[in-house]
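Novice: structure, please.
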Amino acid sequence: MNQQPPVSSQHRRQIDDLIESIRLSADKLAADKPARGDLKILSRTLRELRYAFKVFAPYRSRRKVTVFGSARTESEAPTYQQAVRFGAAMAERDWMVLTGAAAGIMEAGHVGAGREHSMGLNIMLPFEQEANPVIAGDHKLVNMKYFFTRKLMFVKECNAVVCLPGGFGTLDEALEVLTLLQTGKRDMVPVILLDAPGGTYWEQLRQFFDDQLLAGNMISPMDSHLFLVTDDYQQAVDEVLNFFTVFHSMRYVHDRLVFRLEEAISPELLAGINEHFKDLLTEGNFELSEALPEEKNEADLKDLTRLIFHFNRRTHGRLRQMINCLNQRVIPDDVKQ
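Specialist: Numbers count the residues shown, from 1 in each chain. Purely as a prediction, here's the structure:
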(Lines give C-alpha, C1' and ligand atoms only; values in the text may rest on other atoms or scores of the structure.)
Protein backbone atom coordinates (compact mmCIF):
# COMPACT_ATOMS: atom_id res chain seq x y z
CA MET A 1 0.00 0.00 0.00
CA ASN A 2 1.39 3.41 -1.00
CA GLN A 3 1.74 6.26 1.48
CA GLN A 4 0.23 9.63 0.63
CA PRO A 5 2.74 12.46 0.01
CA PRO A 6 3.21 15.05 2.79
CA VAL A 7 0.88 18.04 2.70
CA SER A 8 2.38 21.56 2.58
CA SER A 9 1.13 24.28 4.95
CA GLN A 10 -0.46 26.15 2.04
CA HIS A 11 -2.20 23.01 0.80
CA ARG A 12 -3.37 22.33 4.36
CA ARG A 13 -4.94 25.79 4.51
CA GLN A 14 -6.72 25.15 1.23
CA ILE A 15 -8.11 21.89 2.62
CA ASP A 16 -9.24 23.65 5.81
CA ASP A 17 -11.02 26.28 3.70
CA LEU A 18 -12.89 23.57 1.80
CA ILE A 19 -13.92 21.84 5.03
CA GLU A 20 -15.21 25.17 6.33
CA SER A 21 -17.14 25.64 3.07
CA ILE A 22 -18.84 22.27 3.65
CA ARG A 23 -19.79 23.36 7.18
CA LEU A 24 -21.25 26.62 5.86
CA SER A 25 -23.28 24.70 3.29
CA ALA A 26 -24.61 22.45 6.06
CA ASP A 27 -25.63 25.54 8.08
CA LYS A 28 -27.44 26.97 5.05
CA LEU A 29 -29.10 23.62 4.49
CA ALA A 30 -30.45 23.64 8.04
CA ALA A 31 -31.80 27.15 7.54
CA ASP A 32 -33.52 26.07 4.31
CA LYS A 33 -35.65 23.57 6.27
CA PRO A 34 -35.49 20.93 3.50
CA ALA A 35 -37.67 17.84 3.26
CA ARG A 36 -36.50 14.76 5.15
CA GLY A 37 -36.11 12.85 1.89
CA ASP A 38 -33.75 15.49 0.51
CA LEU A 39 -31.67 15.36 3.68
CA LYS A 40 -31.45 11.57 3.50
CA ILE A 41 -30.04 11.79 -0.05
CA LEU A 42 -27.49 14.43 0.92
CA SER A 43 -26.47 12.62 4.11
CA ARG A 44 -26.05 9.26 2.41
CA THR A 45 -24.17 10.79 -0.52
CA LEU A 46 -21.68 12.53 1.76
CA ARG A 47 -21.15 9.40 3.87
CA GLU A 48 -20.66 7.18 0.81
CA LEU A 49 -18.18 9.50 -0.85
CA ARG A 50 -16.26 10.15 2.37
CA TYR A 51 -15.75 6.44 2.92
CA ALA A 52 -14.94 5.76 -0.75
CA PHE A 53 -12.32 8.54 -0.77
CA LYS A 54 -10.79 7.02 2.36
CA VAL A 55 -10.56 3.56 0.78
CA PHE A 56 -9.08 4.82 -2.48
CA ALA A 57 -6.66 7.38 -0.98
CA PRO A 58 -3.77 4.94 -0.31
CA TYR A 59 -3.95 3.75 -3.93
CA ARG A 60 -4.06 7.14 -5.68
CA SER A 61 -0.55 6.70 -7.07
CA ARG A 62 -1.42 3.29 -8.55
CA ARG A 63 -2.73 3.29 -12.08
CA LYS A 64 -6.16 1.69 -12.44
CA VAL A 65 -8.35 0.60 -15.30
CA THR A 66 -12.11 0.60 -14.85
CA VAL A 67 -13.79 -2.39 -16.51
CA PHE A 68 -17.50 -2.22 -17.31
CA GLY A 69 -19.69 -5.05 -18.59
CA SER A 70 -22.70 -7.25 -17.97
CA ALA A 71 -23.32 -8.91 -14.60
CA ARG A 72 -25.20 -11.70 -16.42
CA THR A 73 -22.35 -13.04 -18.54
CA GLU A 74 -21.60 -16.69 -17.76
CA SER A 75 -18.04 -17.85 -17.13
CA GLU A 76 -18.06 -19.96 -20.32
CA ALA A 77 -18.90 -16.96 -22.52
CA PRO A 78 -16.20 -15.61 -24.86
CA THR A 79 -16.61 -12.10 -23.45
CA TYR A 80 -16.02 -13.40 -19.91
CA GLN A 81 -12.80 -15.09 -21.00
CA GLN A 82 -11.77 -11.93 -22.84
CA ALA A 83 -12.19 -9.92 -19.63
CA VAL A 84 -10.13 -12.50 -17.71
CA ARG A 85 -7.32 -12.23 -20.25
CA PHE A 86 -7.41 -8.45 -20.20
CA GLY A 87 -7.43 -8.26 -16.38
CA ALA A 88 -4.50 -10.67 -16.14
CA ALA A 89 -2.47 -8.72 -18.69
CA MET A 90 -3.01 -5.44 -16.85
CA ALA A 91 -2.15 -6.94 -13.45
CA GLU A 92 1.09 -8.30 -14.93
CA ARG A 93 1.98 -4.65 -15.63
CA ASP A 94 1.06 -3.73 -12.04
CA TRP A 95 -2.19 -1.97 -12.94
CA MET A 96 -5.19 -2.35 -10.66
CA VAL A 97 -8.53 -3.44 -12.09
CA LEU A 98 -11.61 -1.60 -10.81
CA THR A 99 -15.04 -3.13 -11.49
CA GLY A 100 -18.57 -3.15 -10.12
CA ALA A 101 -17.52 -6.15 -7.99
CA ALA A 102 -20.51 -8.33 -8.95
CA ALA A 103 -20.73 -11.38 -11.22
CA GLY A 104 -20.25 -11.65 -14.98
CA ILE A 105 -17.74 -9.36 -16.68
CA MET A 106 -17.05 -7.60 -13.37
CA GLU A 107 -16.02 -10.89 -11.78
CA ALA A 108 -14.00 -11.84 -14.85
CA GLY A 109 -11.87 -8.71 -14.64
CA HIS A 110 -11.10 -9.54 -11.02
CA VAL A 111 -10.44 -13.22 -11.77
CA GLY A 112 -7.80 -12.16 -14.27
CA ALA A 113 -6.25 -9.50 -12.05
CA GLY A 114 -6.36 -11.45 -8.79
CA ARG A 115 -7.36 -10.11 -5.38
CA GLU A 116 -4.22 -8.03 -4.79
CA HIS A 117 -4.72 -6.03 -7.99
CA SER A 118 -8.52 -5.72 -7.70
CA MET A 119 -10.74 -2.93 -6.37
CA GLY A 120 -14.53 -2.96 -6.33
CA LEU A 121 -17.53 -0.63 -6.17
CA ASN A 122 -20.56 -2.80 -5.48
CA ILE A 123 -24.10 -1.42 -5.87
CA MET A 124 -26.77 -2.19 -3.25
CA LEU A 125 -29.92 -3.23 -5.11
CA PRO A 126 -33.45 -4.10 -3.91
CA PHE A 127 -32.66 -7.65 -4.99
CA GLU A 128 -29.44 -8.72 -3.31
CA GLN A 129 -26.24 -8.34 -5.31
CA GLU A 130 -23.29 -9.87 -3.51
CA ALA A 131 -19.69 -9.13 -4.33
CA ASN A 132 -17.87 -11.76 -6.36
CA PRO A 133 -15.60 -14.22 -4.49
CA VAL A 134 -12.39 -12.51 -5.63
CA ILE A 135 -13.13 -9.17 -3.93
CA ALA A 136 -15.71 -10.13 -1.26
CA GLY A 137 -14.52 -9.14 2.21
CA ASP A 138 -11.53 -7.22 0.88
CA HIS A 139 -10.69 -3.79 2.31
CA LYS A 140 -10.58 -2.46 -1.27
CA LEU A 141 -14.32 -3.09 -1.75
CA VAL A 142 -16.85 -0.28 -1.28
CA ASN A 143 -20.61 -0.87 -1.17
CA MET A 144 -22.68 2.03 -2.49
CA LYS A 145 -26.40 2.80 -2.53
CA TYR A 146 -26.49 5.30 -5.37
CA PHE A 147 -25.52 4.71 -8.96
CA PHE A 148 -24.42 8.32 -9.40
CA THR A 149 -21.87 8.19 -6.55
CA ARG A 150 -20.65 4.84 -7.82
CA LYS A 151 -20.19 6.15 -11.36
CA LEU A 152 -18.38 9.19 -10.01
CA MET A 153 -15.83 6.94 -8.29
CA PHE A 154 -15.45 4.70 -11.35
CA VAL A 155 -14.52 7.67 -13.51
CA LYS A 156 -12.68 9.82 -10.96
CA GLU A 157 -10.32 7.09 -9.78
CA CYS A 158 -9.29 5.52 -13.08
CA ASN A 159 -6.58 6.08 -15.67
CA ALA A 160 -8.33 4.11 -18.42
CA VAL A 161 -11.76 2.66 -19.18
CA VAL A 162 -12.49 -0.65 -20.90
CA CYS A 163 -16.08 -1.61 -21.71
CA LEU A 164 -17.16 -5.12 -22.63
CA PRO A 165 -20.68 -5.98 -23.86
CA GLY A 166 -23.51 -5.45 -21.40
CA GLY A 167 -27.03 -4.17 -20.90
CA PHE A 168 -28.54 -0.78 -20.13
CA GLY A 169 -26.12 -0.16 -17.27
CA THR A 170 -23.03 -0.84 -19.37
CA LEU A 171 -24.27 1.39 -22.19
CA ASP A 172 -25.04 4.12 -19.66
CA GLU A 173 -21.53 3.87 -18.23
CA ALA A 174 -19.82 3.82 -21.62
CA LEU A 175 -21.76 6.77 -22.98
CA GLU A 176 -21.35 8.81 -19.80
CA VAL A 177 -17.57 8.38 -19.97
CA LEU A 178 -17.56 9.46 -23.63
CA THR A 179 -19.77 12.45 -22.76
CA LEU A 180 -17.43 13.52 -19.97
CA LEU A 181 -14.42 13.30 -22.28
CA GLN A 182 -16.21 15.05 -25.15
CA THR A 183 -17.19 17.96 -22.89
CA GLY A 184 -13.92 18.16 -20.95
CA LYS A 185 -15.54 17.24 -17.64
CA ARG A 186 -13.00 14.45 -17.19
CA ASP A 187 -9.25 14.57 -17.89
CA MET A 188 -8.37 12.61 -21.01
CA VAL A 189 -8.04 8.85 -20.60
CA PRO A 190 -8.03 6.00 -23.12
CA VAL A 191 -11.43 4.36 -23.68
CA ILE A 192 -11.60 0.93 -25.30
CA LEU A 193 -14.80 -0.83 -26.36
CA LEU A 194 -13.66 -4.45 -26.20
CA ASP A 195 -15.55 -7.40 -27.65
CA ALA A 196 -14.91 -11.12 -27.82
CA PRO A 197 -12.96 -12.30 -30.90
CA GLY A 198 -15.28 -11.88 -33.88
CA GLY A 199 -17.91 -10.08 -31.81
CA THR A 200 -19.96 -7.24 -33.31
CA TYR A 201 -21.58 -5.65 -30.23
CA TRP A 202 -19.46 -2.49 -30.20
CA GLU A 203 -18.96 -2.45 -33.96
CA GLN A 204 -22.71 -2.15 -34.42
CA LEU A 205 -22.80 0.69 -31.88
CA ARG A 206 -20.02 2.48 -33.74
CA GLN A 207 -22.01 2.06 -36.95
CA PHE A 208 -24.98 3.64 -35.20
CA PHE A 209 -22.76 6.55 -34.17
CA ASP A 210 -21.75 7.03 -37.82
CA ASP A 211 -25.17 6.52 -39.39
CA GLN A 212 -27.21 8.52 -36.90
CA LEU A 213 -25.11 10.81 -34.70
CA LEU A 214 -22.38 11.80 -37.14
CA ALA A 215 -24.66 11.91 -40.18
CA GLY A 216 -27.12 14.00 -38.17
CA ASN A 217 -24.40 16.44 -37.14
CA MET A 218 -24.92 15.52 -33.47
CA ILE A 219 -21.25 14.64 -32.91
CA SER A 220 -18.04 15.75 -34.56
CA PRO A 221 -15.86 13.55 -36.78
CA MET A 222 -13.07 14.22 -34.27
CA ASP A 223 -15.12 12.54 -31.51
CA SER A 224 -14.16 9.17 -33.00
CA HIS A 225 -10.66 9.72 -31.57
CA LEU A 226 -12.09 9.46 -28.05
CA PHE A 227 -12.48 5.67 -28.20
CA LEU A 228 -11.16 2.49 -29.81
CA VAL A 229 -13.28 -0.48 -30.88
CA THR A 230 -11.48 -3.83 -30.91
CA ASP A 231 -12.03 -7.56 -30.43
CA ASP A 232 -8.37 -8.13 -29.50
CA TYR A 233 -7.58 -7.92 -25.79
CA GLN A 234 -3.89 -7.37 -26.50
CA GLN A 235 -4.74 -4.35 -28.64
CA ALA A 236 -6.79 -3.04 -25.72
CA VAL A 237 -3.80 -3.52 -23.39
CA ASP A 238 -1.49 -1.77 -25.86
CA GLU A 239 -3.93 1.14 -26.28
CA VAL A 240 -3.94 1.72 -22.52
CA LEU A 241 -0.18 1.43 -22.05
CA ASN A 242 0.77 3.41 -25.16
CA PHE A 243 -1.37 6.32 -23.99
CA PHE A 244 1.21 6.84 -21.24
CA THR A 245 4.35 6.46 -23.36
CA VAL A 246 5.11 10.21 -23.33
CA PHE A 247 1.90 11.71 -21.94
CA HIS A 248 1.66 11.40 -18.16
CA SER A 249 -1.26 13.54 -16.97
CA MET A 250 -2.94 16.92 -17.35
CA ARG A 251 -4.39 19.75 -15.30
CA TYR A 252 -5.50 23.32 -15.73
CA VAL A 253 -3.59 26.19 -14.14
CA HIS A 254 -5.87 29.19 -14.48
CA ASP A 255 -6.54 29.56 -18.23
CA ARG A 256 -3.70 27.31 -19.36
CA LEU A 257 -3.80 23.57 -19.94
CA VAL A 258 -0.69 21.80 -18.66
CA PHE A 259 0.39 18.43 -20.04
CA ARG A 260 2.91 16.58 -17.87
CA LEU A 261 5.26 14.56 -20.09
CA GLU A 262 7.48 11.60 -19.27
CA GLU A 263 10.19 13.05 -21.53
CA ALA A 264 11.03 16.30 -23.29
CA ILE A 265 9.79 16.23 -26.88
CA SER A 266 12.13 17.11 -29.75
CA PRO A 267 12.22 20.62 -31.25
CA GLU A 268 10.95 19.09 -34.51
CA LEU A 269 7.92 17.53 -32.82
CA LEU A 270 7.17 20.76 -30.95
CA ALA A 271 7.29 22.66 -34.24
CA GLY A 272 4.98 20.08 -35.80
CA ILE A 273 2.53 20.38 -32.91
CA ASN A 274 2.50 24.16 -33.30
CA GLU A 275 1.96 23.87 -37.04
CA HIS A 276 -0.69 21.17 -37.19
CA PHE A 277 -2.63 21.71 -33.94
CA LYS A 278 -2.78 25.50 -33.79
CA ASP A 279 -6.59 25.20 -34.19
CA LEU A 280 -6.68 24.04 -30.54
CA LEU A 281 -5.29 27.36 -29.30
CA THR A 282 -7.14 30.51 -28.30
CA GLU A 283 -3.86 32.44 -28.19
CA GLY A 284 -0.09 31.97 -28.19
CA ASN A 285 1.78 28.76 -28.96
CA PHE A 286 2.50 25.36 -27.47
CA GLU A 287 5.49 25.86 -25.16
CA LEU A 288 7.71 23.57 -23.11
CA SER A 289 8.20 24.49 -19.47
CA GLU A 290 9.22 23.28 -16.05
CA ALA A 291 6.59 22.76 -13.36
CA LEU A 292 4.60 25.91 -12.67
CA PRO A 293 4.59 27.47 -9.17
CA GLU A 294 0.91 26.51 -8.80
CA GLU A 295 1.91 22.83 -9.06
CA LYS A 296 4.30 22.81 -6.12
CA ASN A 297 1.88 20.76 -3.99
CA GLU A 298 2.47 17.87 -6.43
CA ALA A 299 6.10 17.21 -5.55
CA ASP A 300 6.11 13.74 -7.10
CA LEU A 301 5.50 15.32 -10.53
CA LYS A 302 7.92 18.24 -10.28
CA ASP A 303 10.60 16.72 -12.53
CA LEU A 304 8.28 16.02 -15.47
CA THR A 305 8.46 18.25 -18.54
CA ARG A 306 5.42 20.45 -19.17
CA LEU A 307 3.72 21.30 -22.46
CA ILE A 308 1.64 24.41 -21.76
CA PHE A 309 -0.98 26.06 -23.96
CA HIS A 310 -4.24 28.01 -24.05
CA PHE A 311 -6.73 25.31 -25.07
CA ASN A 312 -10.07 26.27 -26.61
CA ARG A 313 -11.83 23.73 -24.34
CA ARG A 314 -14.07 22.64 -27.19
CA THR A 315 -12.46 20.09 -29.50
CA HIS A 316 -11.47 17.31 -27.11
CA GLY A 317 -11.41 14.66 -29.81
CA ARG A 318 -8.76 16.73 -31.57
CA LEU A 319 -6.90 17.05 -28.26
CA ARG A 320 -6.88 13.26 -28.01
CA GLN A 321 -5.43 13.11 -31.52
CA MET A 322 -2.61 15.41 -30.40
CA ILE A 323 -1.87 13.16 -27.42
CA ASN A 324 -1.51 10.27 -29.86
CA CYS A 325 1.07 12.28 -31.81
CA LEU A 326 3.00 13.05 -28.63
CA ASN A 327 3.07 9.36 -27.71
CA GLN A 328 4.13 8.35 -31.23
CA ARG A 329 6.77 11.12 -31.19
CA VAL A 330 5.80 12.06 -34.73
CA ILE A 331 3.04 13.81 -36.69
CA PRO A 332 1.58 11.14 -39.02
CA ASP A 333 0.88 12.03 -42.63
CA ASP A 334 -2.89 11.74 -42.21
CA VAL A 335 -2.76 14.45 -39.51
CA LYS A 336 -0.69 16.74 -41.72
CA GLN A 337 -3.23 16.59 -44.54
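Novice: off-centre distance for stretch 290-304?
Specialist: With Cα atoms, centre = their mean, to the nearest Å as the basis, stretch 290-304 stands 22 Å off its chain's centre.
Novice: so, low pLDDT: which residues of the stretch 201-337 of the chain?
Specialist: Scanning the stretch 201-337 of the chain with the threshold set as pLDDT under 70 gives 337.
Novice: give me every residue that touches residue 145.
Specialist: Under the criterion of Cβ atoms under 8 Å, 6 or more residues apart in numbering, the neighbours of residue 145 are 44, 48, 123, 124. Placement of C-beta: from N, CA and C, glycine included.
Novice: just the buried members of those residues?
Specialist: Neighbour counting with 16 or more other Cβ atoms under 10 Å marks 48, 123 as buried within the contacts of residue 145.
Novice: now, the most widely separated pair of the contacts of residue 145?
Specialist: Pairwise distances across the contacts of residue 145 peak at 13.3 Å for 44 and 123 (criterion: Cβ to Cβ).
Novice: so residue 258: helix, strand or coil?
Specialist: Of the three states, residue 258 takes strand according to DSSP: H, G, I helix; E, B strand; the rest coil.
Novice: that one against residue 308, yeah?
Specialist: Yes - Residue 258 lies in contact with residue 308 (Cβ atoms under 8 Å); the separation is 5.4 Å.
Novice: looking at the two, which is more packed in?
Specialist: Remark: of residue 258 and residue 308, residue 258 carries more neighbours, 22 against 18, as counted by other Cβ atoms under 10 Å.
Novice: and residue 133, how many neighbours?
Specialist: Neighbourhood size, residue 133 [other Cβ under 10 Å]: 12.
Novice: to clarify, my last question referred to residue 149.
Specialist: Neighbour count for residue 149, taken as other Cβ under 10 Å: 20.
Novice: hang on, it in a helix?
Specialist: Yes - residue state for residue 149 (three-state DSSP) corresponds to a helix.
Novice: got a list of what it touches?
Specialist: If you count contacts by Cβ under 8 Å, 6+ apart, residue 149 has them with 45, 48, 49, 52.
Novice: which of these are buried? Put it as a ChimeraX command.
Specialist: Buried members of the contacts of residue 149, defined by 16+ other Cβ under 10 Å, are picked up in ChimeraX with:
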select :45,48,49,52
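Novice: show only the entries of the contacts of residue 149 found in helices.
Specialist: Counting by DSSP state H, the contacts of residue 149 place 45, 48, 49, 52 in helices.
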